[in-house]
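>>> What follows is a predicted protein model with its sequence.
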Amino acid sequence: MTQLLFDVWDEAKAVEVAKRVSSQAITLRPYQNEAVDNTYREWESVQSTLINLATGLGKSVCFAEVMRRWDITTQGRILLIAHRTELIYQAVGHARRAGLSSGIEMAGRFAKSHEDVVIASVQTLNATTQCKACFGEGCDFCSDGKAKRFTRFNPRDFGLITIDEGHHAVAKSYRNVLTWFGQNPNQKTLLVTATPKRADKKGLCNVCESVAITVSLKDGIDGGWLVPIRQKFVTVDGLDISQVSTSKGDLAQGQLEQAFLGTDEEEERKLHAIVKPTLMEANGRKTLVFASGKEHAEKLCACFNANEVEAGVVTDDTDSKERSGLVDRFSNGDLQVLVNCMVFCEGFDAPKTAVIANCRPTKSESLYLQIIGRGTRTLPGVVDGPVTADDRKAAIESSGKPYCTVLDFCGNSGEHKLVSVADVLAGDKVDPIDLQEAIALAKESGETVDIEALAEKVKQSRQAAAERKEQERLKRLMTNTKADHADYSAVDVDLFDGPKFDAESDDPTKISQGQIRFLARLGIKPNKAKHMTKRQASAIIDKSFRKVESDWKVIMSEANSQSELYQIGKQIAARQQNDYMLADKKVTATLRKAYKERRTELNGNA
């Protein structure tokens, strides 16, 4: 989990960040402008909306612009709920840049009633304090004399509530805050997040009415706003997570860490199985490592250092000043590798990160996006000049960070369906069969691959094989039908006629004997057919009829002359005596129409 450091306030750092942010001349990107415009448009009909932008696409820029356009005088004050000190520092700067005053409501710091923007943590807002409306006996504003800290604010003073990392808003602590400030009938709420999907399946629809915009990781890469990803699967010999249990929709972290560490005899070998390929692939580039637990993180860091690489480790036990120093050294100094245990899933901004070593396999798409999103940011200034997506991609390719490498360390996962780069980039348009085949090929090759390109290659190969199979089937269907090439174009005879298939049944829901006989011709055994309903049987039969029509239409379209077309029609007529599908009047009518249309085409081409 992300470390919460609200009991520590670095005044010098706060002044530095606020000054830097407030002095920035930010030009909104097209999708950021769209996000803000859509937000205000959504508020015309709903109270709450969501901005969903992938990591690195500038969520804070969007909510800062929302604040800038907000009219404090007529619409009320702004409450910004955050849970990271860095974002709080930035928020002070964003407010100042928008010409707004701000106050901090955090631990021992209290915002003033005249300040335009109140920046607070949800933990502080939910903290209890002595109720000032009674003498401890309890009243409408408290419980047994204890009141939530947010009750010290008048809800009618606040017109806008903004929640960073809005996917947390379904938690009771956030809902308590929203309920209190929701007493203002004119209040609007904005949630911003990169990962709206939660592993516990709790939907944001419980706290949010609409989505103003969604720009996914794939959209960001395709648009040239984020660096492309190359993936490599690294198999750790002896790593077996097949027996790790699932908790709240994901792998149980304690069991997962034990699987990665193994026994005392296995531990050193498993650590080196991660460290050595990581260093080889990184080749000096900044590398962020996600460990499976605290002990695993500390031992991985020691192993990196043993390989004469400057590495540091951050867990939620790390002192805040030490953590800040390590992050600064990693971002701008001599630290090549930074190992963490789920600390930097949110709120970590180090654009030079070029390699993500993931030793925390997951079943959660949101968590995986948070992990790999730490490496997809472009270097500062690279994409803010070029106008088109192609120009931005070219700028990225020629920059010092042309792509991000994601190393997924894997082993025997059993029945666990783990998320990979392929899953989050492929989208709904990629066939799951192609996706799984691409992942299998990537694992087998052991190479660093563009998983999207590999999935597309698999798709094309599968389609080509399907086309070859279809051609062979049609060829078998047409055996001995294209014989003579004599000119029969002058012969105009009705080639289509024959007996009609009729279903025999008194019960409108029960499968008829005629349908059973027909299904038998399709290879379905009578005993199995008898258990079908009339509707199920009809669906199978109708599909068979459509397939026959399609096949013969394709064959007709491939006829290159009137004589070839006539031979095809003659073959259909000959088969009608023994083929119920070809003898059906609807099929006959359809094929007759296709036959005449093709004949007209051939006459026109003659």
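Happy to help now that I have it. Numbers count the residues shown, from 1 in each chain.
>>> Show me where the stretch 401-550 of the chain has its strands.
404-412 (DSSP state E, counting those that start in this stretch).
>>> Run through it and note the low-pLDDT ranges.
Scanning the stretch 401-550 of the chain for pLDDT under 70 picks out the ranges 427-436, 438, 470-471, 473-509.
>>> now do 50
Scanning the stretch 401-550 of the chain for pLDDT under 50 picks out 480-505.
>>> and residue 366, how many neighbours does it have?
21 (other C-beta atoms under 10 Å). Placement of C-beta: from N, CA and C, glycine included.
>>> so what pLDDT did it get?
We have a pLDDT of 87 for residue 366.
>>> Kindly report the same for residue 356.
Confidence score, pLDDT, at residue 356: 96.
>>> Which residue is the nearest non-sequential neighbour of it?
Excluding its sequence neighbours, the residue lying closest to residue 356 (C-beta to C-beta, 6 or more residues apart in numbering) is residue 375, at 4.4 Å.
>>> cool, and residue 549?
residue 590 (5.2 Å).
>>> Could you pull up the contacting residues of the residue nearest to residue 356?
Counting by C-beta atoms under 8 Å, 6 or more residues apart in numbering, residue 375 makes contact with 227, 229, 288, 353-356, 404-406.
>>> The same query, at a cut-off of 6 Å, please.
Residue 375 makes contacts with 353, 356, 404, as judged by C-beta atoms under 6 Å, 6 or more residues apart in numbering.
>>> who does the second one bridge with?
This points to residue 356. residue 288, residue 406 (DSSP bridges).
>>> doesn't residue 370 make contact with it?
No. Residue 356 is beyond contact range of residue 370, at 10.8 Å (criterion: C-beta atoms under 6 Å).
>>> Next, count neighbours for the residue nearest to residue 549.
19.
>>> secondary structure class for it?
helix (DSSP: H, G, I helix; E, B strand; the rest coil).
>>> do residue 186 as well
coil.
>>> neighbours of it, just the number please.
For residue 186, using other C-beta under 10 Å, the count is 10.
>>> ok, it to residue 176 distance?
Computed as C-beta to C-beta, to the nearest Å, the residue 186 to residue 176 distance reads 20 Å.
>>> now swap in residue 242 and tell me
40 Å.
>>> ditto for residue 421
Distance, residue 421 to residue 176, using C-beta to C-beta: 38 Å.
>>> Of those two, which one has the most company?
Comparing residue 421 with residue 176 by other C-beta under 10 Å, the one with more neighbours is residue 421, at 26 against 14.
>>> Does that one touch residue 229 like I think?
Yes. Shown here, residue 421 and residue 229 form a contact pair, counting by C-beta under 6 Å, at 5.5 Å.
>>> list residues touching both of the two?
What both residue 421 and residue 229 touch, as defined by C-beta under 6 Å, 6+ apart, is the set residue 406.
>>> Average pLDDT for stretch 118-133, rounded please.
On average, stretch 118-133 scores 83.
>>> and it, C-alpha only, in CSV?
Only the C-alpha atoms of stretch 118-133 are listed here, as CSV (Å, rounded to 0.1, in the frame of the first residue of the first chain):
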residue,chain,number,x,y,z
VAL,A,118,-8.9,23.4,1.4
ILE,A,119,-6.4,20.5,0.8
ALA,A,120,-6.9,17.6,3.1
SER,A,121,-6.4,13.9,3.6
VAL,A,122,-9.3,11.6,4.0
GLN,A,123,-7.7,10.2,7.1
THR,A,124,-7.6,13.6,8.7
LEU,A,125,-11.2,14.4,7.7
ASN,A,126,-12.4,11.1,9.3
ALA,A,127,-10.4,11.7,12.5
THR,A,128,-12.6,12.2,15.6
THR,A,129,-12.5,15.3,17.7
GLN,A,130,-14.5,16.7,20.7
CYS,A,131,-17.9,17.9,19.7
LYS,A,132,-18.4,21.6,20.3
ALA,A,133,-22.1,21.5,20.0
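>>> which residues are contacting it?
Residues contacting stretch 118-133 (C-beta under 6 Å, 6+ apart): 6, 79-81, 83, 88, 91, 102-106, 111, 139, 141-142, 145-150, 173-174, 177.
>>> Select from these every entry located in strands.
Residues of the contacts of stretch 118-133 located in strands (DSSP state E): 79-81, 102-105, 146-148.
>>> Just the closest of those residues to residue 165, please.
residue 81 (9.2 Å; C-beta to C-beta).
>>> so the closest one makes contact with residue 160?
No. Between residue 81 and residue 160 there is no contact under C-beta under 6 Å: 11.3 Å.
>>> more neighbours, the two?
More crowded of residue 81 and residue 160, by other C-beta under 10 Å: residue 81, with 26 against 22.
>>> domain assignment for this protein?
11-215, 222-427, 513-605 (automatic domain parsing).
>>> Let me know which of those is the nearest to residue 467.
That would be domain 513-605 among those, by C-beta to C-beta, at 11.5 Å.
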